[in-house]
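>>> Build me a model:
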Amino acid sequence: MKIITRFLVAGLASVAAPAALAQGGYPTKPVRLVLGFPPGSAADVVGRIFAARLGEDLKQSIVVENRPGAGSNIAAEFVVRSPADGYTLFMGSIANTINASLYKKLPFDFGRDLAAVTGIASVPNLLVVHPSLPVRSVKELVAFAKAHPNEILYGSSGNGTSPHLSAVLFNSMARVNMVHVPYKGSPQAVTDLVAGRVQVMFAPISTALPFVKAGKLRPLAASTARRTAIVPDLPTVAEAGVKGFETAIWFALFAPEATPRDIIERLNAAAVRTLADGDVKSKLAAQGIEPIGGTVAQTAELVRTELDKWAQVVRESGATLD
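Numbers count the residues shown, from 1 in each chain. I've put the predicted structure just below:
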């Protein structure tokens, strides 16, 4: 995720200058922002904070539409098939760059059929366990999993999502075998984790943190390369014993590939201003989330880098879905 770290340092340093008015003074009507995950998910939290302020900048309503399912493939395909006029946008994520390799028969090409606009936010996953599991550290989890192969159930927000592939990567690097239980979104997975129906999850911090604070989940580590500011005493997975481990959920703004360039630039300028807004940054920070920002070219580079990274992880893990 080094490219994301670079975005966090430089992406918002220079807010894009206002672009020339796009075709016909775009936008002249409400814009739809399609999310691939359900209400209450990290995507939903980020999307609604972002959309509210973006709408103010564009002087049009941004209507958030949740279309969960298939690791956000349903939402992505819906936007790919939508008119390329700037009025239907997609909040894509790391899940889409994973899915490009995990699914062998997708009816669209994420890297080709969607145009990058800008990065939106980076969300750490927390490695959390149900309190009934007799482990209090990553090393203890690894030891327990090795002693009980194929007995520990881990939840995720769906096949191909960051929580899923984070656990796949953890299984591979720690040389353990925990069993995957996919859900339609993080809220549903965390609900079952709190109930003890699954025992482990790499959960988005915005979803997991309230349950951690309430003592209903036990945090073991953060998935990111560096500690997260909102829980600074929590070690990273790499610090806690699985050297080299690093994952994070990221979200970015996309439009259908044929969307006119002036509309893309108009959206980029508005989105970067939105993410530099103090109130937006404060609301995201309260959830442990960091804004990204960046140019169209930087976001396209992020997508290319992530496609390559996760293709290697999927290939080495042997994971596949169809």
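>>> Show me the shaky parts of this protein.
Counting by pLDDT under 70, the chain has low-confidence residues at 1-24, 322.
>>> I'd like the distance from the most centrally placed residue in it to T97, if you could.
Compute the mean C-alpha point of the chain, and by C-alpha atoms, centre = their mean the closest residue is I249, 3.2 Å away. Relative to T97, I249 is positioned 11 Å away (C-beta to C-beta, to the nearest Å). Yep, even glycine has a C-beta here, placed from its N, CA and C like the rest.
>>> As PDB, could you dump the C-alpha coordinates of stretch 239-248?
As requested, the backbone C-alpha atoms of stretch 239-248 are provided in PDB (Å, rounded to 0.1, in the frame of the first residue of the first chain):
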ATOM      1  CA  GLU A 239       4.800  -5.700  14.200                       C
ATOM      2  CA  ALA A 240       2.800  -8.400  16.000                       C
ATOM      3  CA  GLY A 241       4.600 -11.300  14.300                       C
ATOM      4  CA  VAL A 242       3.600 -11.700  10.600                       C
ATOM      5  CA  LYS A 243       6.400  -9.800   9.000                       C
ATOM      6  CA  GLY A 244       5.700  -8.100   5.700                       C
ATOM      7  CA  PHE A 245       1.900  -8.300   6.100                       C
ATOM      8  CA  GLU A 246       0.100  -5.100   4.900                       C
ATOM      9  CA  THR A 247      -3.400  -4.400   3.600                       C
ATOM     10  CA  ALA A 248      -5.900  -1.600   3.700                       C
END
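>>> buried sites along it?
By neighbour count, with 16 or more other C-beta atoms under 10 Å as the criterion, the buried positions of stretch 239-248 are E239, A240, G241, V242, F245, E246, T247, A248.
>>> For these, which two are the farthest from each other?
When the buried residues of stretch 239-248 are compared pair by pair using C-beta to C-beta, the farthest-apart members prove to be G241 and A248, with a separation of 18.8 Å.
>>> thought S41 was touching Q188?
No: between S41 and Q188 there is no contact under C-beta atoms under 8 Å: 9.1 Å.
>>> what residues are up against G196?
Contact partners of G196, counting by C-beta atoms under 8 Å, 6 or more residues apart in numbering, are H130, S132.
>>> Distance of it relative to R304?
The span separating G196 from R304 equals 41 Å under the rule C-beta to C-beta.
>>> now T88
As defined by C-beta to C-beta, T88 lies at a distance of 24 Å from R304.
>>> Run through the strands of the stretch 201-322 of the chain in chain order.
In chain order, the stretch 201-322 of the chain shows strands spanning 218-222, 249-256, 290-293, with DSSP state E, counting those that start in this stretch as the criterion.
>>> Out of the ones you listed, which gets nearest to E65?
It is, among these and with distance given as C-beta to C-beta, strand 249-256, at 14.3 Å.
>>> quick one: strands adjacent to that closest one?
Sheet partners assigned to strand 249-256 using DSSP bridges are listed as strand 88-93 (antiparallel), strand 114-123 (antiparallel).
>>> how about it: buried residues?
Under the neighbour-count criterion of 16+ other C-beta under 10 Å, strand 249-256 has I249, W250, F251, A252, L253, F254, A255, P256 buried.
>>> What is the nearest of those to A311?
Using C-beta to C-beta, W250 comes nearest to A311 of those, at 16.6 Å.
>>> Quickly list what the closest one is bridged to.
For W250, the beta-bridge partners under DSSP bridges are S122.
>>> Verify the contact between it and S93 for me.
Yes: A contact is recorded between W250 and S93 when judged using C-beta under 8 Å, the distance being 6.4 Å.
>>> Phi first, then psi, for P27.
With angles defined as degrees, to the nearest 10, P27 shows backbone torsions of phi -90, psi 150.
>>> Hmm, it is touching Q60, no?
Yes: taking C-beta under 8 Å as the definition, P27 is a contact partner of Q60 at 4.6 Å.
>>> When those two are compared, which one has more neighbours?
Between P27 and Q60, counting by other C-beta atoms under 10 Å, P27 is the more crowded of the two (21 against 16).
>>> Please list all residues in contact with the more buried one.
Applying C-beta under 8 Å, 6+ apart, one finds that P27 lies in contact with L58, Q60, G86, Y87.
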